[in-house]
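A.B. asks: Next one to model:
(2 chains)
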Amino acid sequence: MIVNRTDLPVLKPFRIRAGEPFRFSIWHGVALFAILLVTVGIGEAHAQAAGKPGIIETMLKWTPLLLQGFALNIAMSFLAMAIGTAVGVPLGLAQISLLLPVRTGSWFVTQFFRNSPWLVLLFYCMLLLPFEVRVGDVVIPLPGWLKSTIGLSLPVMANVSELVRGAVRSIPYGQWESAESLAMTRWQTLHMVILPQCVKRMTPPWMNLYAILTVATPLTSVVGVSEAMTLTGDILSSEGRTELLVPMYLYLLLFFFLYCYPIARATLALEKRFAVK
Amino acid sequence: MMSWTPDQPLVRLKDVRKTFAALTVLNGVSMDVMKGEVICIIGPSGSGKSTLLRCINALVPIDAGSILVEGQEVNDPKLDKLALRRKVGMVFQQYNLFPHKTALENVMMAPIHVLKRDKKEVDAQARALIKKVRLEGKEGSYPGELSGGQQQRIAIARSLAMNPDVMLFDEVTAALDPETVKEVLVAIRELAEDGMTCMLVTHEMGFAREVADEVYFTDGGVLVEHAPPKQFFANPQDPRTRRFLDQIL
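C.D. replies: Sure, this is the predicted structure:
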């Protein structure tokens, strides 16, 4: 028996789906913590047998430095999100422009950056951007972390652009019609009627995008930015102890988990709340 | 140019044609609506009734023919759509209130931002209109908190706040629960009694009989016949009209 099929016209509730989004669950954290405990235990045993300082002791010693690196990860994620959103919103609006060239152009830019590997974009930005910009007499240095932040903001921009386009499309056509029949211009309709309704719909996927961006910031270690991932590598090579390897990287993973998990929970809560209305 | 005087039809349609892809929706429709007149358009679904209304405020462009609203040609590429829509109010089947604004804000938005009128003055008018549709006390409610009939009455108030010269009603009771239909019809009847020019697409035959000055029957994109309601319902001329009325009455 087919239950959910009908010949009647049915308006199904709209959901924004940018693929199945990846989300941290509490089980990721439990598993992570359990593995960390086991590996630390094994490491401690090794260290004691070899008469070296304890694993936990060593990890605590490096924690301030790791946190410093992690702060850079967070700063980069904030900045990339801000740039990506600031450019992505107008780009998304351009995708629904009435002018064909604007629409096509912005569509192409969006698709290009949305479907390019983040690491490739990162390399391009590192290699193509100069190390300083001269504006008149003022020289603005462009350090590696800033260049790679710009690199990360490109895919964010493209994803935000698609979010905006999808959200605008999801507003029932009747809203446009009634605004039009009240003699509102297209711009008035957009910024007074359509976009305010979009903000609510866009917030959960936007937060999800931020979580994805944050866990992508260690990519910048590949292009030599001194963030938490790079520093972990530096610490390990200066200690030169193989039993530290696994606990140390797990420790770093735990940092990211603790930061992103609340965001994932909040996203879920918001989605549930908005889904009812 | 603007040589329109109140003794001429407020809305005049002449041989209006509209085709969607291969489907002819309007196939030469002509009608005159005088100031203060209330007309009802009835007919089977898919006969072009809603499209006809949407053509009058240029939501849907027409392919051929002429639509004059107070002497202004709608079928003109240089048409000032916004100026036209200030004169023509429209209420939809699905209400289409702005869900993120309160009832009062819904009514006030267009007069303030489109007509650039004084906020205080609009506020007073909006409250009076909400009172007129008997929703006093619901000014601060959001559309989601109102019933269908209440939303539809706010939609009527919102449209009236623009001080239109003619109101278009597109099956405004079709999506409502039976018990709320009446309150909306009462609001429209009062409007008609105040002398507002109204064009209604409706399935409420009783209502059409009661308030309309003229009833039009459409079928297959043409106006089959029209007559004052008494005559129309008692003595329909065309076999298509008779068949339709037999089916629904």
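A.B. asks: In the chain, where is pLDDT below threshold?
C.D. replies: Here I'm looking at chain A. Applying pLDDT under 70 to chain A picks out residues A:1-6, A:10-24, A:275-277.
A.B. asks: my bad, chain B
C.D. replies: B:1-2.
A.B. asks: make it 90
C.D. replies: B:1-8, B:20-24, B:44-48, B:77, B:174-180, B:203-204, B:206, B:210, B:220-221, B:246-249 (pLDDT under 90).
A.B. asks: where does the most centrally placed residue in it land in three-state SS?
C.D. replies: Taking CA atoms, centre = their mean, the centroid of chain B lies closest to B:Leu168, which sits 1.3 Å from it. Secondary structure, DSSP: H, G, I helix; E, B strand; the rest coil: B:Leu168 is strand.
A.B. asks: Tell me who's in contact with it.
C.D. replies: B:Leu53, B:Ile56, B:Asn57, B:Val88, B:Gly89, B:Met90, B:Val91, B:Cys198, B:Met199, B:Leu200 (CB atoms under 8 Å, 6 or more residues apart in numbering or on different chains). Quick note: C-beta positions are derived from backbone N, CA and C, even for glycine.
A.B. asks: Count the residues that sit near the closest residue to the fourth one other than its chain neighbours.
C.D. replies: Okay, so that is B:Val88. In this structure, B:Val88 finds its nearest non-sequential neighbour in B:Asn57, 4.2 Å apart by CB to CB, 6 or more residues apart in numbering or on different chains. By other CB atoms under 10 Å in any protein chain shown, the residues close to B:Asn57 number 25.
A.B. asks: dump the residue contacts of B:Asn57.
C.D. replies: B:Asn57 touches A:Ser181, B:Leu84, B:Arg85, B:Val88, B:Met90, B:Leu168, counting by CB under 8 Å, 6+ apart.
A.B. asks: how close does it sit to B:Leu23?
C.D. replies: 22 Å (CB to CB, to the nearest Å).
A.B. asks: in chain B, which spans are helices?
C.D. replies: B:49-56, B:81-87, B:103-113, B:119-132, B:148-160, B:178-193, B:205-211, B:229-234, B:239-248 (DSSP state H).
A.B. asks: any bit of the fourth one sitting next to chain A?
C.D. replies: What that stands for is helix B:119-132. No - Helix B:119-132 lies apart from chain A when judged by CB under 8 Å from any CB of the partner chain; the minimum separation is 13.1 Å.
A.B. asks: Please point out which parts of that helix sit buried.
C.D. replies: B:Val122, B:Asp123, B:Gln125, B:Ala126, B:Arg127, B:Leu129, B:Ile130, B:Lys132 (16 or more other CB atoms under 10 Å in any protein chain shown).
A.B. asks: for chain A, what spans make up the strands?
C.D. replies: Applying DSSP state E to chain A gives strands spanning A:132-135, A:138-141.
A.B. asks: I'd say A:Thr185 and B:Arg85 touch.
C.D. replies: No - with contact defined as CB atoms under 8 Å, A:Thr185 does not count as touching B:Arg85 (10.5 Å).
A.B. asks: neighbour count winner among those two?
C.D. replies: For A:Thr185 versus B:Arg85, neighbours defined as other CB under 10 Å are more numerous around B:Arg85 (23 against 13).
A.B. asks: Spatially nearest residue to the more buried one (excluding sequence neighbours)?
C.D. replies: That would be A:Ala183: by CB to CB, 6+ apart, it lies 3.9 Å from B:Arg85.
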